[in-house]
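Engineer: sharing a model prediction with you, sequence too.
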Amino acid sequence: MTLRFRPVADQGLMVEFDHSLNDKAHRAVLALDKALAAQPFPGFAEAVPAFVTLLVRFDPLVTDHPTVQVHLETLLCAGLETVLSPETHRILTTYDGPDLAEVARLSGLSAAEIVALHQSGTYQVAMYGFAPGYAYLSGLPAALHIDRKPAPVRNVPAGTVIIAGGMCLITTLTMPTGWWRIGRTEAKVLTGNPDRPFAFAVGDNLRFEATP
Amino acid sequence: MSAALEVLHTGPHVTLQDAGRPGLMRFGVPASGPMDRKALAIANIALGNPLGQTGIEVSPAGLTLRCTLGPVSLAIAGGGFQVALNGVVGGSWQVLTLQADDLLQIRPGPWGTWCCIAVAGQIQSSEWLGSAATHGISGFGGGALQKGQILRIDQPRQIAARNIPCPIFCRPRQHLHVTLGPQDHLFAPETVATFLSAPFRLTPAFDRMGLRLAGPSLAPEAALGIPSQGLTRGAVQVAGDGVASVLMADHQTTGGYPKIATILMDDTDGLAQLRPGQAAHFTEISPAQAISLARQRAESFRRYLTSLAAPSMT
């Protein structure tokens, strides 16, 4: 891993643990994110965890890039706690997605095998992005890794379970998507509960289970 | 006591906005809030409101309101819009009072793209995650205005009519300060030099999420994207075809296009006020200069707001 701090105008620092996807860098992102939440610096605004980067935003009227970098380096040097404490969420899913047949053709599996394989994975919330509550879930079994569609499908409803590349996602809004629709769930990522508006924290685990 | 405004005409991107909901990007939620953040703050302060109180952001689509229950005062700031009260034409940058049956028409005028209306009173609106700022693609928050909608205003007040001075820092800004990166290293040095020397133009492809620029191609050396990472308002991201876009209030919170540079936050308000076809030039500053400039700009703005809040003190 090559650690770099890259300035982002007067808004923050991009902490880049590596330039390409890897698990070690992602664990470091989650660990620094957790340490920063426990020990924020004066002027800390927010941290945005992603696959191999943590965007740390700050108030330029209170602090500056070198001060924030020293704080982050101190946290990193102190040795980040590698024991994270993720919750595990069960997601009841009805596997009747309109793309199951095409996913079967592309993967060479039967629909039943796809459903069983999808439930066999332990997924992790790698990051949120794209739209409110869009949690990118890593951990999709390799046999289900399929490139996204060449063109998006419109009006995909909220609660659709979709896969593409190595990722799985539960949609939260009616939106176009080029990912493959394999099922749907009643589980709400946008909970509507002001005390916990988002169902998952970054780093949490998910298990999908077919509705009986 | 209440007042009411009926929406007679509106169009795309005319929304309720407050100061926004910062701090939730880790959940995929951008801050939203006004495209020109100073405009809403100025309109609110002109009425004695808190800086970030819920107001209306008007796009080039314009807005027509009829006061169905009054009186209530409004302040309008941002852009050079045409503001007609019962057919008598004035401009943005004024405080006015609507009586029952008064008609207020707001149309694009000589300059600018966005104006904000603050209300002396509280607009009743739905909130999402503690803010009435409308998030465009979801419609969460106060929402886009709809024709026929009645805006109810609690505790309306009347404020003496006056003009609001339009400060120079609220004019459209064509010279934009940037720090390079966070992915300038993925571009050839000649491409970075082109970015910093060539004029770019705004295009008609703009909304609350961002603005597409026209200019020389800025294709990165490595055609591949980067692992998706956090984004900010003001990021200049370059798609695989070499076309640059600037992210604005409702931007996606993460993305995999490389960012050649990031615009000083304060400059993004003036950028929002440019119109399609107008030129934008980028000037590199160091991170330390960005901090220093941000502090100078904040201090100027604070002084302006202080004088606006106490107009009789000279």
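Structural biologist: Happy to help now that I have it. Numbers count the residues shown, from 1 in each chain, chains lettered A, B, ... in the order given.
Engineer: which secondary structure elements does the lowest-mean-pLDDT helix or strand in chain A sit against?
Structural biologist: One helix or strand of chain A scores below all others by mean pLDDT, DSSP states H and E: strand A:175-177, with a mean of 89. For strand A:175-177, the packing partners by 3 or more C-beta pairs under 8 Å, 6 or more residues apart in numbering or on different chains; DSSP states H and E come out as strand A:153-156. Bear in mind the C-beta positions are built from the backbone N, C-alpha and C, glycine included.
Engineer: following element in sequence after the least confident helix or strand of chain A, please.
Structural biologist: As assigned by DSSP states H and E, the chain's next helix or strand after strand A:175-177 is strand A:180-185.
Engineer: helices and strands around that next one, which ones?
Structural biologist: strand A:88-94, helix A:100-107, helix A:111-120, strand A:160-164.
Engineer: and for the third one, what's in contact with it?
Structural biologist: Same thing as helix A:111-120. The contact list for helix A:111-120, computed with C-beta atoms under 8 Å, 6 or more residues apart in numbering or on different chains, reads A:93, A:95, A:100-101, A:103-104, A:107, A:109, A:140-141, A:143-144, A:163, A:168, A:182-183, A:207-210.
Engineer: ok, back up a step: sheet partners, orientation included, of the least confident helix or strand of chain A?
Structural biologist: strand A:153-156 (antiparallel) (DSSP bridges).
Engineer: starting at the chain centroid, how far to the partner strand?
Structural biologist: Mean-position distance between strand A:153-156 and its chain equals 21 Å (C-alpha atoms, centre = their mean, to the nearest Å).
Engineer: same deal with stretch B:32-41?
Structural biologist: On C-alpha atoms, centre = their mean, the centre of stretch B:32-41 falls 4 Å from that of its chain.
Engineer: likewise stretch B:279-292?
Structural biologist: Distance, centroid of stretch B:279-292 to centroid of chain: 20 Å (C-alpha atoms, centre = their mean).
Engineer: buried residues, it. List them.
Structural biologist: B:A280, B:F282, B:I285, B:P287, B:A290, B:I291 (16 or more other C-beta atoms under 10 Å in any protein chain shown).
Engineer: what's the closest of those to B:A100?
Structural biologist: Comparing those against B:A100 with C-beta to C-beta places B:A280 closest, at 44.2 Å.
Engineer: how about the closest one: what's its closest non-neighbour residue?
Structural biologist: Excluding the flanking residues, the one nearest B:A280 by C-beta to C-beta, 6 or more residues apart in numbering or on different chains is B:F200, at 5.0 Å.
Engineer: one more: B:G90?
Structural biologist: B:V83 (5.1 Å).
Engineer: next, count neighbours for that neighbour.
Structural biologist: 23 (other C-beta atoms under 10 Å in any protein chain shown).
Engineer: next helix or strand past the host helix or strand of it?
Structural biologist: If you go by DSSP H and E, B:V83 is part of strand B:80-85. Next helix or strand after strand B:80-85 toward the C-terminus (DSSP H and E): strand B:88-91.
Engineer: pull up the pairing partners for that next one, direction included.
Structural biologist: In the sheet, strand B:88-91 lines up with strand B:80-85 (antiparallel) (DSSP bridges).
Engineer: residues in contact with the strand it pairs with?
Structural biologist: Contact partners of strand B:80-85, identified using C-beta under 8 Å, 6+ apart, comprise B:58, B:76, B:89-92, B:94, B:96, B:98, B:102-112, B:115.
Engineer: ranges for the helices of the chain?
Structural biologist: Let's take chain A. A:23-38, A:65-77, A:100-107, A:111-120 (DSSP state H).
Engineer: oops, wrong one, chain B.
Structural biologist: B:37-46, B:189-197, B:265-272, B:287-309.
Engineer: test my guess that the residue nearest to B:A280 contacts B:G215.
Structural biologist: Yes - using C-beta atoms under 8 Å, B:F200 makes contact with B:G215 at a distance of 3.6 Å.
Engineer: shared neighbours, the two?
Structural biologist: With C-beta under 8 Å, 6+ apart as the test, B:F200 and B:G215 both reach B:A244.
Engineer: these two: who's more crowded?
Structural biologist: Legend: neighbour count by other C-beta under 10 Å for B:F200 and B:G215, higher for B:F200 (23 against 18).
Engineer: tally up the residues packed near residue 127, please.
Structural biologist: Since you didn't name a chain, this refers to chain A. 29.
Engineer: if you could check chain B rather than the one you did, that'd help
Structural biologist: 16.
Engineer: check the one 5 residues further on too.
Structural biologist: By the other C-beta under 10 Å criterion, the neighbourhood of B:A132 contains 25 residues.
Engineer: mind listing what A:T160 touches?
Structural biologist: Per C-beta under 8 Å, 6+ apart, neighbours of A:T160: A:G97, A:I170, A:T171, A:T177, A:R181, A:G183, A:R184.
Engineer: quick one: A:G203 from chain B, how far?
Structural biologist: The spacing between A:G203 and chain B, counted by C-beta to the nearest C-beta, to the nearest Å, is 11 Å.
Engineer: isn't that residue right next to A:L32, touching?
Structural biologist: No - A:G203 is beyond contact range of A:L32, at 11.8 Å (criterion: C-beta under 8 Å).
Engineer: chain A contacts on the stretch 101-250 of chain B?
Structural biologist: B:129-130, B:135, B:137-138, B:140, B:178-179, B:181-183, B:226-235 (C-beta under 8 Å from any C-beta of the partner chain).
Engineer: what about the chain, any weak spots by pLDDT?
Structural biologist: Chain wasn't specified; assuming chain A. In the predicted model of chain A, residues A:81-83 satisfy pLDDT under 70.
Engineer: let me rephrase: I mean chain B.
Structural biologist: Those would be B:223-224, B:311-314, if you go by pLDDT under 70 across chain B.
Engineer: most centrally placed residue in it?
Structural biologist: In chain B, the centroid-proximal residue (C-alpha atoms, centre = their mean) is B:M35; its distance is 1.5 Å.
Engineer: could you find the closest non-adjacent residue to the closest residue to chain A within the stretch 1-150 of chain B?
Structural biologist: Residue nearest to chain A within the stretch 1-150 of chain B: B:G28 (3.9 Å; C-beta to the nearest C-beta). Leaving aside its sequence neighbours, B:G28 sits nearest to A:Y128 (C-beta to C-beta, 6+ apart; 3.9 Å).
Engineer: could you find the closest non-adjacent residue to A:T94?
Structural biologist: A:T94 sits nearest to A:T211 (C-beta to C-beta, 6+ apart), 4.9 Å away.
Engineer: what's near enough to touch that neighbour?
Structural biologist: Contact analysis of A:T211 by C-beta under 8 Å, 6+ apart lists A:L92, A:T93, A:T94.
Engineer: check B:M248 too.
Structural biologist: Taking C-beta under 8 Å, 6+ apart, one finds B:M35, B:F206, B:R208, B:M209, B:G210, B:L211, B:R233, B:T268, B:A272 in contact with B:M248.
Engineer: any idea how far A:K188 is from it?
Structural biologist: For B:M248, the distance to A:K188 equals 29 Å [C-beta to C-beta, to the nearest Å].
Engineer: and for A:A37?
Structural biologist: On the measure of C-beta to C-beta, A:A37 and A:K188 end up 24 Å apart.
Engineer: beta partners of the nearest residue to B:A244 once chain neighbours are set aside?
Structural biologist: Using C-beta to C-beta, 6+ apart and skipping the chain neighbours, the partner closest in space to B:A244 is B:L213 (4.7 Å). Beta bridges link B:L213 to B:L202 when assigned by DSSP bridges.
Engineer: for B:P110, give me its contacts.
Structural biologist: By C-beta under 8 Å, 6+ apart, the contact list for B:P110 reads B:G80.
Engineer: quick one on the thing from earlier: what about the residue nearest to B:G28, how many residues close to it?
Structural biologist: Neighbour tally, A:Y128, other C-beta under 10 Å: 29.
Engineer: quickly note the distance from B:F200 to B:T194.
Structural biologist: 10 Å.
Engineer: can you say which of the helices of chain A is packed in most?
Structural biologist: The highest mean neighbour count among those, using mean count of other C-beta atoms under 10 Å in any protein chain shown, belongs to helix A:23-38: a mean of 18.
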